[in-house]
Structures are given as C-alpha cells and as structure tokens.
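K.L.:
when you get a sec, could you give me coordinates for this:
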Amino acid sequence: MSLCEGLEARDSRFVNHEGYTSDLYPGVIFQQYEEKDQRIAKLQLTTKFKGYLPDGKYVDLSKLKAKDIIAQYDGLNYWEVKGCSDYLEMIFKNEFYFYVEKDENVASTYPINDAYYENQALAGVEIIASCYVRDHRYQKRAPLYVVDGKIMEYMDIQTINPEDIESLEILKDTTATALYGSRAVNGVIIITLKKKKKFFPWPFK
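P.N.:
Alright, predicted model coming up:
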C-alpha cells in the first residue's frame, strides 16, 4: 500500500498514521488525535475482530462480505476511494467506514464493478470517535456517568436506547463526592437499566 510504506504493518492496512494494539482486544487498532494527545480518535477493526459495533450489531469480521454490510445499512455510500490506497470504502453517516480491498485484476476500475465487489470479503472497519469532545475545558466540567453501578465514559453511553432506561438520578456537590470522590466534583448521572437489559460499552463485551 503506497501511502503506508515504511510504517508499522499493524497500522498499514488503512491510513498513514501509527496505531496501537493490545492483547486484551484482538483485532482492534487504537489511534490518537495527534502525537501529544493521549485520547483515542478512532478505532480500526481488522478481520480478527469479533464483537459489537456502536449501534449494537454483533459482527465477526472474518465472515462478512460487502453485500452483508450493504443489506444491513440503509443510506450507505459506496464505493469511495480512500486516497491512493488499495481499498474501497463504504461509508455510513461519516461514522463507520467499511473497507474492501481493490482487485487490480478486475478489468475496469471505473465504473466500479458492483457485482464483483459486493461478493468480496470485508477487509476491516474504521470507527471515528465523532461524539468525543476534544476540548479539554469540557472534560474538566463534565459529570461522571454511572450505568448499573459501573462508571462509563460519555461516548460509551451513546449506545443506550432511552427506552431501556428504568431510572435516571442526578447527584450534586457533597452528595456526589461522598460516594465517588473527587472525580464526581461536577456531579454524577446515575442510569439504571430495565431488568434483562445488559449493557456493554462498545466495542468490547
């Protein structure tokens, strides 16, 4: 892949930036916004990934073809070309980027051979953390979120269906810090889900 020559193979699948992997999360590549920013900007899921996407769909990327994604997502834009890479993109609401490897043996590049590529295996998925606020000032005044007794990040609770919420409680000031310490200085939002609704913050369970 020309854009990624000389970079680490673990991240050369899709973009020209360095990524991080963990044995705890097989098939996931973590990427930061920039060198001095420790927050995760996006996740790249490889064919080793088995788990839930942000919208709650369970996927085993080793078994998916492009046509499976097309069937599941209305309004999918495809086939986009990612720079001068070796992959074609299928984009859903600028949040999910599904990748299929280009085949140089296919006679015509344009127009894209839909019938051919729809039957090709999915090469990976890129998830953009668009709901994550980059302003550090926001982080300093953000409340603490607790779901069924577990502390969650704001971006994690975005996948909760409002209809699955049993109750919502807000704690402030000394009441909040007495229970959760200094991290609750901006208050606590406690969410209790209805029975039989087990919540896993994406994409790991």
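
K.L.:
Ile91: neighbour count?
P.N.:
For Ile91, the neighbour count with other Cβ atoms under 10 Å is 18. Glycine gets a C-beta too; all of them are placed from N, C-alpha and C.

K.L.:
now the element after the strand or helix carrying it, going C-ward?
P.N.:
Here Ile91 sits within strand 87-92, counting by DSSP states H and E. Going down the chain from strand 87-92, the next helix or strand is strand 96-101, by DSSP H and E.

K.L.:
now that following strand: buried residues?
P.N.:
By neighbour count on 16 or more other Cβ atoms under 10 Å, the buried set for strand 96-101 is 96-101.

K.L.:
could the residues you listed go into JSON lines alongside pLDDT?
P.N.:
Shown next, in JSON lines, are the buried residues of strand 96-101 (pLDDT from 0 to 100):
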{"residue": "Phe96", "pLDDT": "83"}
{"residue": "Tyr97", "pLDDT": "85"}
{"residue": "Phe98", "pLDDT": "89"}
{"residue": "Tyr99", "pLDDT": "89"}
{"residue": "Val100", "pLDDT": "89"}
{"residue": "Glu101", "pLDDT": "87"}
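
K.L.:
pick the one among those closest to Pro143.
P.N.:
Closest approach between these and Pro143, by Cβ to Cβ: Phe96, at 27.9 Å.

K.L.:
what sits against that closest one?
P.N.:
Residues in contact with Phe96 (Cβ atoms under 8 Å, 6 or more residues apart in numbering) are 53-54, 73, 125-127.
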